[in-house]
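Chemist: Provide a 3D model corresponding to the input given below.
(one chain, ligands or ions: 2)
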Amino acid sequence: MRLRDELTFSSGDADEKEEVIMDQNLWCSEVNAGLSSGKREVVVGYALTSKKIKSFLQPKLECLARNKGIHFVAIDHNRSLSDQGPFDIVLQKLSGKEWRQILESACSIFRYESLTSSSGGGLKDYRQLHPEVTVLDPPDAIQHLRNRQYMLQAVADMDFSDSYGKVGVPRQLVIKRDASSIPELVNRAGLTLPLVAKPLVADGSAKSHELSLAYEPYSLQNLEPPLVLQEFVNHGGVLFKVYIVGDAIKVVRRFSLPDISKWELSKDAGIYHFPRVSCAAASADDADLDPTIAGYGKMPEYEQIFTDFLLSLVQGKA
Ligand SMILES: Nc1ncnc2c1ncn2[C@@H]1O[C@H](COP(=O)(O)OP(=O)(O)OP(=O)(O)O)[C@@H](O)[C@H]1O
Ligand SMILES: O=P(O)(O)O[C@H]1[C@H](O)[C@@H](O)[C@H](OP(=O)(O)O)[C@@H](OP(=O)(O)O)[C@H]1O
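Modeler: Ligands and ions are numbered 1, 2, ... in the order given. Here you go, the predicted structure:
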């Protein structure tokens, strides 16, 4: 077993990170008193964008993790993984060829695990042979989520068109290039306006979260492919966002784009751009909503869910 003192900690974005760690130490002082010695330490190497480090590795998470014996250590993206660590878990959400190569060469000795689903195939035997490191998530397992052409396919395949209500996916059209052909393609595909336009690639950049709303066909020529066009679905201006980590589920409520009436459709023209819809700032958790759409019970905090999940991955490997 590795002892806490043997671990070397490094940080990703030096300045930002230092600030966070100082806050965290203040915040953590009481909680750290509860860290039980003698527990197996779990080292989570992370390879994330600076945006993700800022939003995800919050003091509250790091502190709770530390109290459970989990340590987050920044991975140097430019060095081989085998020269770093040792890590019990590699938490990664980076794109780019170089990183993929580093990960793939290391994966010849790593165990695969997915955050959202268990990987199939011959990986079970593989895990028994190489139980050292868990990769969250292996690039191949999340590839289809990075492309809006395919990301909803799993929902369509489940065919919940008539079970406890209706779950469906909006009709959509992929435009790879040539914006001038969009009105004609939309017409041929029989899509009904208004349409929501989203970048084809969901790579975690701010741009990939942008969204446009088009009320009439000719304005569609002003969009920038590659993109996906979806029929706008009226949904009462509120949506439920479901987070799943392993077996744990958390649901939050967010304000969303309001319903569009036929009258508005006839009146509005052009394209409206939205940098971010239904983001965390648009929380509707405390809003007084119609009880028929309001309800869900009290949910545990995601920090609790995530750290328990990390521990569950290394259980039995001590
Ligand atoms: N076809 C649609 N009809 C109506 N509203 C939509 C449609 N598609 C997206 N929206 C609204 O835009 C928001 C962002 O859509 P997007 O497809 O980018 O969701 P997402 O990728 O799940 O968002 P996030 O990036 O927050 O995870 C949705 O939460 C919803 O409010
Ligand atoms: O704050 P919520 O409502 O949970 O929305 C998240 C999105 O669902 C994620 O897709 C964002 O991650 P990426 O930007 O890496 O796709 C994620 O980006 P972030 O971690 O950088 O904040 C969030 O925007």
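
Chemist: residues touching the closest residue to L152 other than its chain neighbours, list them.
Modeler: Nearest residue to L152, sequence neighbours excluded (C-beta to C-beta, 6 or more residues apart in numbering): V169, at 4.3 Å. Backbone N, C-alpha and C define where each C-beta goes, glycine included. Residues near V169 by C-beta atoms under 8 Å, 6 or more residues apart in numbering: 152, 155-156.

Chemist: could you redo the last one with a cut-off of 10 Å?
Modeler: Counting by C-beta atoms under 10 Å, 6 or more residues apart in numbering, V169 touches 151-156, 160, 230, 233.

Chemist: Same question for T192.
Modeler: T192 sits next to 171, 186, 231-232, 265 when contact means C-beta under 10 Å, 6+ apart.

Chemist: secondary structure element for S312?
Modeler: In this structure, S312 is located in helix 302-314 according to DSSP states H and E.

Chemist: Now that helix - C-alpha only, CSV.
Modeler: Once non-C-alpha atoms are left out, helix 302-314 reads as follows in CSV (Å, rounded to 0.1, in the frame of the first residue of the first chain):
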residue,chain,number,x,y,z
TYR,A,302,-22.6,15.3,-6.7
GLU,A,303,-19.3,15.5,-4.7
GLN,A,304,-20.6,12.7,-2.5
ILE,A,305,-21.8,10.7,-5.4
PHE,A,306,-18.6,11.1,-7.4
THR,A,307,-16.1,10.3,-4.5
ASP,A,308,-18.2,7.2,-3.6
PHE,A,309,-18.0,6.1,-7.2
LEU,A,310,-14.2,6.6,-7.3
LEU,A,311,-13.8,4.5,-4.2
SER,A,312,-16.1,1.8,-5.6
LEU,A,313,-13.8,1.4,-8.6
VAL,A,314,-10.7,0.6,-6.4
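
Chemist: Whether it contacts ligand 2 - can you check?
Modeler: No - using C-beta under 6 Å from any ligand atom, helix 302-314 stays clear of ligand 2, coming no nearer than 8.9 Å.

Chemist: How far away from the center of its chain is that helix?
Modeler: 16 Å (C-alpha atoms, centre = their mean, to the nearest Å).

Chemist: ranking the contacts of T192 by neighbours, who comes first?
Modeler: With neighbours taken as other C-beta atoms under 10 Å, the top of these is V186, carrying 20 neighbours.

Chemist: contacting residues around that one?
Modeler: 173, 175, 192-193, 195, 214, 217, 220, 229, 231.

Chemist: ditto for S219
Modeler: Taking C-beta under 10 Å, 6+ apart as the criterion, S219 is in contact with 182-183, 193, 195, 212-213, 269-272.

Chemist: Tell me where the model's unsure across the stretch 101-250 of the chain.
Modeler: Residues of the stretch 101-250 of the chain that meet the criterion pLDDT under 70 lie in 107-132.

Chemist: Show me which residues of it sit near ligand 1.
Modeler: Neighbours of ligand 1 within the stretch 101-250 of the chain, by C-beta under 6 Å from any ligand atom: 170, 196, 198, 209, 211, 230, 232-233, 239.

Chemist: Next, the residue nearest to L152: secondary structure please.
Modeler: Three-state call for V169 (DSSP: H, G, I helix; E, B strand; the rest coil): coil.

Chemist: Which phi and psi values does it adopt?
Modeler: In terms of degrees, to the nearest 10, the main-chain angles of V169 are phi -120, psi 150.

Chemist: so where do the helices sit in the stretch 1-150 of the chain?
Modeler: Taking DSSP state H, counting those that start in this stretch as the test, the helices found in the stretch 1-150 of the chain are 14-32, 50-56, 59-67, 97-107, 123-129, 139-142.

Chemist: Give the burial count for F160, as a bare number.
Modeler: Considering only other C-beta under 10 Å, F160 is surrounded by 14 other residues.

Chemist: Return the set of buried residues in the helix holding S312.
Modeler: Neighbour-count burial for helix 302-314 flags 302, 305-311, 313-314 (criterion: 16 or more other C-beta atoms under 10 Å).

Chemist: do the same with stretch 243-251
Modeler: By 16+ other C-beta under 10 Å, the buried positions in stretch 243-251 come out as 245-246, 248, 250.

Chemist: closest point of the stretch 201-318 of the chain to ligand 2, which residue?
Modeler: In the stretch 201-318 of the chain, the residue found nearest to ligand 2 is G204; the distance is 3.1 Å by C-beta to the nearest ligand atom.

Chemist: What distance do you get for that residue to I102?
Modeler: 18 Å (C-beta to C-beta, to the nearest Å).

Chemist: Could you chop this structure up by domain?
Modeler: Listed by automatic domain parsing, the domain ranges of the chain are 14-145, 148-158+167-274.

Chemist: on that earlier part again, could you save the buried residues of stretch 243-251 as CSV and add columns showing secondary structure?
Modeler: As requested, those are arranged in CSV below (three-state DSSP):
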residue, secondary structure
V245, strand
G246, coil
A248, strand
K250, strand
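
Chemist: Sounds good, over and out.
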